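Participant: pasting the structure only:
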């Protein structure tokens, strides 16, 4: 068993997992998440905002203490969509290096897809009676990008699309509640991205969809009518498209103030959940059209963070 520390720095959040890993089995020691909105304004400016960097660095100070407390161990810091797009990455790299002693690794869309697949499928398979139907399609819906990756025991194909909850919110949402025009604009972006993804991923082969990351887990909490955010209930939950559609529509119909009162809603997701929910709903519809029939919509609390930890432990064991 190998202890490893994985940091996933995305467009909306930064997360730490310290875990004991054996094979594909992950036993949490520490798992925490901070909403830092690193991608704030990146779609428009091409740069990290100063205040966004400060939020990331504050989280890194906290993570550094936890890693020292539970170490020594190998550490990997993976930076995803927002970090591919900016002109001031050196400032970001230097701040992380100063606090954690490692240089962030800006992973490619293909690597992100593969790590998401590894973490999601390893984490949720034991929750499904009879195991996951194969091949499985994993959807990792992040702040700046969304990955689609299909495979059975290993990845057969993956693609990273520049659509995510923060990017779509900043680009298109101008009213509260969201307007029909805003929804149509996001769906047009999703359709264009999906059409390109379908050239690289055999979506029609999928027999189940595993969705990961905060947008999808929050929609699942809404669909289940939870009175609090309950990871153990959400992990492995299966929804029909109709259940998912109803939950999304409820979120779209609510004002920001009303969403903030939902018992399962993280405060850092209130303003971006609508953009993410539109992306999820449209992708699910397009995926089922490609497959030709309904498929199980499975939600996993395990995701790219778990994949990073598994991959790191395997490489350093």
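Facilitator: Yes, it's here. Please read all numbers here as calculations on a predicted model, not as lab measurements.
Participant: Check the secondary structure at residue 28 for me.
Facilitator: strand (DSSP: H, G, I helix; E, B strand; the rest coil).
Participant: my read: it touches residue 21, true?
Facilitator: No - using CB atoms under 8 Å, residue 28 is not in contact with residue 21; the gap is 10.4 Å. C-beta here means a position set from N, CA and C on the backbone, and glycine is covered the same way.
Participant: Which strands or helices does the helix of greatest length in the chain pack on?
Facilitator: The longest helix of the chain (DSSP state H) is helix 50-70. Contact analysis of helix 50-70 by 3 or more CB pairs under 8 Å, 6 or more residues apart in numbering; DSSP states H and E lists strand 2-9, strand 13-22, strand 25-35, helix 89-100 as its packing neighbours.
Participant: hmm, try it at 10 Å
Facilitator: Using 3 or more CB pairs under 10 Å, 6 or more residues apart in numbering; DSSP states H and E as the contact test, the elements touching helix 50-70 are strand 2-9, strand 13-22, strand 25-35, strand 75-79, helix 89-100.
Participant: out of these, deepest packed?
Facilitator: For the helices and strands packed on helix 50-70, the largest average neighbour count (mean count of other CB atoms under 10 Å) is found in strand 2-9, namely a mean of 24.
Participant: from the middle of its chain, how far away would that one be?
Facilitator: The chain centroid and the centroid of strand 2-9 are separated by 16 Å, computed with CA atoms, centre = their mean, to the nearest Å.
Participant: and that strand with helix 50-70, angle?
Facilitator: Orientation note: strand 2-9 sits at an angle of 170 degrees relative to helix 50-70 (axes from the mean of the first three to the mean of the last three CA atoms, to 10 degrees).
Participant: List the buried residues in the host helix or strand of residue 232.
Facilitator: Here residue 232 sits within helix 231-234, counting by DSSP states H and E. Going by neighbour count (16 or more other CB atoms under 10 Å), the buried part of helix 231-234 is residue 234.
Participant: So what touches it?
Facilitator: Outside helix 231-234, the residues that touch it by CB atoms under 10 Å, 6 or more residues apart in numbering are 31, 127, 216-221, 223-224, 226, 264, 299-302.
Participant: could you give the mean pLDDT of it?
Facilitator: Mean pLDDT, computed over helix 231-234, is 95.
Participant: swap in stretch 177-190?
Facilitator: 98.
Participant: and what of stretch 121-139?
Facilitator: Per-residue pLDDT over stretch 121-139 has a mean of 88.
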